[in-house]
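>>> only the shape, not the letters, is given here:
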C-alpha cells in the first residue's frame, strides 16, 4: 500500500495535536480534534501502514440486507456520480452509519489498485479503527469534508484524497456517508473543491430518493422558493385550498359581412331582415306541392324549379290524356 515515510508523518500529527502547527479554517479545527481523539482516546498508531479491516462475505451480506432500502434508493445516484468523476481516476463509496462500505463504483481495470488502498466493499472506516479519514470525520461531525493526502491520521492513507458528505433519513437520522476517493491526486488541497461540491449535491439527491421511497404511500407537496421556478401543480387538488372563481366565457355577438361603403347595422335588425327575407321567398314560391296520382302511377312531389322528374311526370300526364281523347 502506498504511503509516505511514517516518521515524518508522526511528527506532523504530533505538531498539530500539540498546537505547534495550526491549520486554517473550520476543517483544520475538525482535523485537529480528530487527531487528538485518535491518539488519546482510541490509542491508534499514526505510523501504521496496514490497511483497513474488511468484513467477511457473510458479515457484509448481513449488513447489506439490513440496508436494503438504502441501497435501492442510492444505486442510481451512485452510478451517476461515478460517471462524473471516473475520468479523474476516482472511485465512489457508500457506507452505513457505522462506516462499513456497503456499495461502491470503480472501473474494472483499476479495481485492484483501489483494493490495495483499502477502498473496497466491506472496508470499515470508523474513527475508532482507522483514525482521521473522510468517512470517520463525517460520521462524528455530520458535516461534509475533504481529507486530502497527509490530512489522514494513519500513514497508510497519506496518498489518498477523500471528499465525503453525510446522508440523512426521513426523520433527520444519519443513514450513511457518500465518499469519492482517489489513490493519486495533486498536492494542492484546492484541487478537490469541485469534487467536494459534486459529492454534496449527489448526497442531497440520495436523500430525496430515500424520502420518496419512505413516503411512497403519502401525498408529497412541493414548495417553490422565490429564487426557484414554480413547480408544476398536481392534477389532484386539495379540496380545502382557496380557489378563485373562473370567469364565465360570454358568447360573442354574431359577425355580419358588410359591403364596401355600407353603414353598420345592429345585430337585431340583421336578424329581423333575414327572417323577413326568408318569408318573402316562401310566399313567392307558393305552397309546397302535394303528391298527385294519375291512374296507377304515383308521382313524386313536384318542386318549384323544373327538373327531370317533373318533366317525366308531365309527359306521362299528356300521354294519358291523349289516349283518353282517342
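Yep, it's here. Given the structure is predicted, the values throughout are model-derived calculations rather than measurements.

>>> which stretches of this structure have low pLDDT?
In the predicted model of the chain, residues 1-5, 24, 223-326 satisfy pLDDT under 70.

>>> can you show me the strands along it?
Taking DSSP state E, the strands of the chain run over residues 90-96, 101-105, 145-148, 161-168, 174-182, 293-294, 297-298.

>>> can you lay out the ones you listed as a markdown table showing distance to residue 207?
Every residue, glycine included, has its C-beta placed from N, CA and C. Shown next, in a markdown table, are the strands of the chain (distance: least, CB to CB, whole Å):
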| stretch | distance to residue 207 |
| --- | --- |
| strand 90-96 | 13 |
| strand 101-105 | 16 |
| strand 145-148 | 18 |
| strand 161-168 | 6 |
| strand 174-182 | 8 |
| strand 293-294 | 93 |
| strand 297-298 | 88 |
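
>>> same list (the ones you listed) but as a markdown table, adding mean neighbour count and distance to residue 209.
Output for the strands of the chain, formatted as a markdown table (neighbours: other CB atoms under 10 Å; distance: least, CB to CB, whole Å):
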| stretch | mean neighbour count | distance to residue 209 |
| --- | --- | --- |
| strand 90-96 | 26 | 12 |
| strand 101-105 | 21 | 14 |
| strand 145-148 | 25 | 23 |
| strand 161-168 | 25 | 10 |
| strand 174-182 | 25 | 11 |
| strand 293-294 | 10 | 88 |
| strand 297-298 | 10 | 83 |
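
>>> between the ones you listed, which gets nearest to residue 6?
Closest to residue 6 of those is strand 145-148 (CB to CB; 18.0 Å).

>>> what does that closest one rub up against?
If you take CB atoms under 8 Å, 6 or more residues apart in numbering as the criterion, strand 145-148 is touched by 27, 30-31, 132-134, 137-138, 161-164, 185, 189, 192-193, 195-196.

>>> just to revisit the earlier point, so for residue 208, which of the strands of the chain sits nearest?
strand 161-168 (10.6 Å).

>>> looking at the contacts of strand 145-148, which are in helices?
Residues of those located in helices (DSSP state H): 27, 30-31, 134, 137-138, 193, 195-196.

>>> now the buried members of those residues.
Using 16 or more other CB atoms under 10 Å as the burial test, the ones in helices among the contacts of strand 145-148 include 27, 30-31, 134, 137-138, 195-196 as buried.

>>> out of those residues, which is nearest to residue 77?
The closest of those to residue 77 turns out to be residue 195 (CB to CB; 15.3 Å).

>>> tell me the spacing between the closest one and residue 133.
To residue 133, residue 195 is 16 Å away according to CB to CB, to the nearest Å.

>>> now do residue 146
Relative to residue 133, residue 146 is positioned 11 Å away (CB to CB).

>>> overlap of the contact sets of the two?
Each of residue 162 lies in contact with both residue 146 and residue 133 under the rule CB under 8 Å, 6+ apart.

>>> picking up where we left off before, minimum distance to residue 70: which of the strands of the chain has it?
strand 174-182 (5.7 Å).

>>> which strands or helices does the closest one pack on?
Applying 3 or more CB pairs under 8 Å, 6 or more residues apart in numbering; DSSP states H and E, one finds that strand 174-182 makes contact with helix 68-85, strand 90-96, helix 134-141, strand 161-168, helix 193-214.

>>> Serialize these to a markdown table and add fields for distance to residue 62.
Supplementary listing: those in a markdown table, determined by distance: least, CB to CB, whole Å:
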| stretch | distance to residue 62 |
| --- | --- |
| helix 68-85 | 11 |
| strand 90-96 | 11 |
| helix 134-141 | 20 |
| strand 161-168 | 21 |
| helix 193-214 | 21 |
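
>>> out of these, nearest to residue 113?
Taking CB to CB, strand 90-96 is the member of those nearest to residue 113, at 9.5 Å.

>>> and the closest one, which strands flank it?
Using DSSP bridges, the strands paired with strand 90-96 are strand 101-105 (antiparallel), strand 174-182 (antiparallel).

>>> and these: which comes nearest residue 22?
Closest to residue 22 of these is strand 174-182 (CB to CB; 26.1 Å).

>>> how many neighbours does the spatially closest residue to residue 42 that is not a sequence neighbour have?
Among residues not flanking residue 42 along the chain, residue 128 sits closest, at 5.0 Å (CB to CB, 6 or more residues apart in numbering). When neighbours are counted by other CB atoms under 10 Å, residue 128 registers 14.

>>> ok, residue 153 - contacts?
13, 34-35, 38-39, 44, 46, 130-133.

>>> kindly report the same for residue 101.
Residue 101 makes contacts with 93-95, 119-125, as judged by CB under 8 Å, 6+ apart.

>>> mind checking how far residue 45 is from residue 144?
Residue 45 is 28 Å from residue 144, by CB to CB.

>>> please identify which of the two sits among more neighbours.
Per other CB under 10 Å, whichever of residue 45 and residue 144 has more neighbours is residue 144, with 20 against 15.

>>> that one is in contact with residue 200, isn't it?
Yes: counting by CB atoms under 8 Å, residue 144 does reach residue 200; the two are 5.1 Å apart.

>>> between the two, what contacts are shared?
Counting by CB under 8 Å, 6+ apart, the contacts common to residue 144 and residue 200 are residue 165.
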